[in-house]
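Visitor: Next input, structure requested:
(one chain, ligands or ions: 1)
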Amino acid sequence: MHKAGREIKETLVHIDMAIEILDARIPFSSQNPMLARLRGEKPCIKVLNKCDLADPDITQRWQAYLEQEKGVKTLALSIDQPDKIKQLIDLCRKLAASDKSEGKLTQALIMGIPNVGKSTIINILAGRVIAKTGDEPAVTKRQQRIALGNDLVLLDTPGMLWPNVENKNSGYRLAATGAIKDTAISHDEIAFYLLEYLSDNYPDLLKTRFQIDALPAKVEELITVIGKQRGCLRAGGLVDVDRVAKILLTELRTGTLGRISLETPTMMEAELAELSLIQQLKAAKKQERKIKRGSK
Ligand SMILES: Nc1nc2c(ncn2[C@@H]2O[C@H](COP(=O)(O)OP(=O)(O)OP(=O)(O)O)[C@@H](O)[C@H]2O)c(=O)[nH]1
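Guide: Sure thing, here's the model as predicted:
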């Protein structure tokens, strides 16, 4: 993690702009928190990929929100839209034009967390297979330069995960979308988080998909209802929670459940405020303990 951070910092010195590929379902958790600080005045294009899986209204809200940051432009797309992906090249050239002297080569750093679709986008831009793609996170291993015409070069870095261990919810969302390997957090835990979120934000979608008239108040009961409906039963009639969890995750990741966004700008602002409050309280308690120790 630190090595990747260092690599990005060193590379940023030599580049003209950054292209950050985000997962449109989790634009906050999939963005690199260091980029805003490290890129300085350099422009940044935030690509919201996997739009086909995200809630279109929420994606629009994210675009407006992200573009509030100085120097940031956004592009929402999915890999089944090659023409839209190619607009990325035009946008790079447009952003470079403002400070470009005649004949200067523009270098753009392209980055993104594992499994976000970076290699697939690079291959479409280059018009040939130069980056390995796959369902498992972290297929791309080393940095490479990809020339797009005579005036533009993409620098591809290995996928970099947000090193935020304090925000557990981000961990769940990264795991739910497949950015973290399936072994990192248990399926059951992710499924509980997911069902709670879906019950609050997409109740109709859950009802339709699993033919439920009224959603139970407790997630445990909801898992039982889904398990019975899908025949995920162990010997003795108990519901196999792990199987239910795997079904849910597969249906979320493939879009079978519907177009779902797991984060909104408002929700993230609230989560960050709560996190900052917790940190402030922890710091105040630490200070209190220090004062008490000092007065003894
Ligand atoms: N539905 C959908 N799937 C996508 C999209 N973009 C990428 N994928 C899928 O996501 C998976 C990961 O894509 P890659 O291009 O290998 O991702 P990557 O970011 O290069 O992955 P790393 O090598 O881990 O860095 C593949 O199965 C892709 O087919 C998209 O826009 N929509």
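Visitor: Which stretches in the stretch 1-150 of the chain count as helices?
Guide: Listed in chain order, the helices of the stretch 1-150 of the chain (DSSP state H, counting those that start in this stretch) span 2-14, 35-38, 56-66, 82-97, 118-126.
Visitor: no, scratch that, I was asking about the stretch 151-296 of the chain
Guide: Along the stretch 151-296 of the chain, counting by DSSP H, counting those that start in this stretch, helices occupy 168-177, 187-201, 203-210, 219-229, 241-254, 265-295.
Visitor: Tell me what angle the last one forms with helix 187-201.
Guide: Using axes from the mean of the first three to the mean of the last three C-alpha atoms, to 10 degrees, the direction of helix 265-295 lies 120 degrees away from that of helix 187-201.
Visitor: Disregarding residues adjacent in the polypeptide, which is nearest to Cys202?
Guide: No Cys there; residue 202 is Tyr. In space, and not counting its chain neighbours, Tyr202 is closest to Ile260: 6.0 Å by C-beta to C-beta, 6 or more residues apart in numbering. Quick note: C-beta positions are derived from backbone N, CA and C, even for glycine.
Visitor: contacting residues for that neighbour?
Guide: Ile260 is in contact with 25, 53-55, 198, 202, 205, 252, counting by C-beta atoms under 8 Å, 6 or more residues apart in numbering.
Visitor: If we check the ligand, which of those residues are in contact?
Guide: With respect to the ligand, and counting by C-beta under 6 Å from any ligand atom, the subset of the contacts of Ile260 in contact is Leu53.
Visitor: which one of the contacts of Ile260 sits closest to Lys84?
Guide: Lys84 has its nearest neighbour among these in Ala54, at 14.4 Å by C-beta to C-beta.
Visitor: just to revisit the earlier point, for the helices of the stretch 1-150 of the chain, which one ends up most surrounded?
Guide: helix 118-126 (a mean of 21; mean count of other C-beta atoms under 10 Å).
Visitor: rank the helices of the stretch 151-296 of the chain by pLDDT, which is bottom?
Guide: Set side by side, those differ in mean pLDDT, and helix 265-295 is lowest with a mean of 82.
Visitor: can I get the helices of the stretch 151-296 of the chain in CSV with distance to Ala96?
Guide: Below are the helices of the stretch 151-296 of the chain laid out as CSV (distance: least, C-beta to C-beta, whole Å):
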stretch, distance to Ala96
helix 168-177, 31
helix 187-201, 39
helix 203-210, 42
helix 219-229, 49
helix 241-254, 35
helix 265-295, 29
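Visitor: Most tightly packed of these?
Guide: Stretch with highest mean neighbour count among these: helix 168-177 (a mean of 22; mean count of other C-beta under 10 Å).
Visitor: circling back to that earlier point, how close does the residue nearest to Tyr202 sit to Leu205?
Guide: Separation of Ile260 from Leu205 (C-beta to C-beta, to the nearest Å) stands at 7 Å.
Visitor: what sits in contact with each of those two?
Guide: Leu198.
Visitor: about what we covered before: relative to the ligand, how far out is the residue nearest to Tyr202?
Guide: Ile260 sits 12 Å away from the ligand, taking C-beta to the nearest ligand atom, to the nearest Å as the criterion.
Visitor: Next: Leu205.
Guide: With C-beta to the nearest ligand atom as the criterion, Leu205 and the ligand are 17 Å apart.
Visitor: my guess is that residue contacts Leu198, does it?
Guide: Yes: contact criterion C-beta atoms under 8 Å: Leu205 and Leu198 qualify, at 6.9 Å.
Visitor: Now do the shared contacts for those two.
Guide: In contact with both Leu205 and Leu198: 257, 260, using C-beta under 8 Å, 6+ apart.
Visitor: Endpoint to endpoint, stretch 233-252 covers what distance?
Guide: 21 Å (C-alpha to C-alpha, to the nearest Å).
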